[in-house]
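Colleague: Attaching a predicted model along with its sequence, questions to come.
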Amino acid sequence: MNTTDYIVNGILVLLVIRQIRGGRLDLTGLLLPVVLVGATAAYYLRSVPTAGNDLDLELALAGAGAVLGIACGATTLLTRRQDGVHARAGVLAAVLWVLGMATRMGFSFASDHGAGGSIAHFSRTHQITSSQAWVAAFVLMALSEAVARLLAIRLRAWRLSSSGAVAEATA
């Protein structure tokens, strides 16, 4: 990982602070993580390899990201107030978001600091054809995590705002 990689990942981790602080659900707050992850994807993603088992790897990590995102969205506290629905990530939601980031950063760090041979062996054994397949898989994981979180929160907020109740909603 180079300095740019650490900065990009640091910005994505800092989104947790914004989520913990909480606030009224608005377009900026909901789309900011998706836009930042989308910009990160544009920076890192050169192709999505599909040879060998590359697509299986990419789909598996995208699925893992979606599961993390849904869990993060489901564990975010939503409150209906007079000015709209407010969201605040609790400890579990923050841990899940950081877990996804730590997994991606940890893999990158490990690949640069001694685990490259093991990753190459795993890739050969499981017909992962290139390092770009790993890049694509982890970028798709991050993107699906952000989008799934957004969708889970929006769905819960819509249910809360259409229920007419002025009470807290937790999943």
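Modeller: Now that the structure is in, tell me what you want to look at.
Colleague: In which helix or strand does the spatially most central residue of the chain reside?
Modeller: Central residue of the chain (CA atoms, centre = their mean): Glu145, 3.2 Å from the mean position. For Glu145, the host element (DSSP states H and E) is helix 131-163.
Colleague: can you check Arg80 too?
Modeller: strand 76-81.
Colleague: re the thing from before, list the buried ones in the helix holding Glu145?
Modeller: 132-153, 156-157, 160 (16 or more other CB atoms under 10 Å). In short, each C-beta sits where N, CA and C put it, glycine included.
Colleague: okay, and for the protein, where does confidence drop off?
Modeller: 1, 30, 163-171 (pLDDT under 70).
Colleague: the helices in the protein, which residues?
Modeller: Listed in chain order, the helices of the chain (DSSP state H) span 3-21, 27-44, 54-74, 91-112, 116-125, 131-163.
Colleague: Could you dump the ones you listed into JSON lines with distance to Gln82 added?
Modeller: Listed next are the helices of the chain as JSON lines, based on distance: least, CB to CB, whole Å:
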{"stretch": "helix 3-21", "distance to Gln82": "20"}
{"stretch": "helix 27-44", "distance to Gln82": "18"}
{"stretch": "helix 54-74", "distance to Gln82": "23"}
{"stretch": "helix 91-112", "distance to Gln82": "24"}
{"stretch": "helix 116-125", "distance to Gln82": "53"}
{"stretch": "helix 131-163", "distance to Gln82": "12"}
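Colleague: Which one of those helices lies nearest to Arg81?
Modeller: helix 131-163 (10.3 Å; CB to CB).
Colleague: hmm, back to that, list the strands paired with the strand holding Arg80, with their directions.
Modeller: If you go by DSSP bridges, strand 76-81 pairs up with strand 84-89 (antiparallel), strand 168-169 (antiparallel).
Colleague: any chance of those strands in TSV, with distance to Ala115 too?
Modeller: Formatted as TSV, the strands paired with strand 76-81 follow (distance: least, CB to CB, whole Å):
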stretch	distance to Ala115
strand 84-89	31
strand 168-169	42
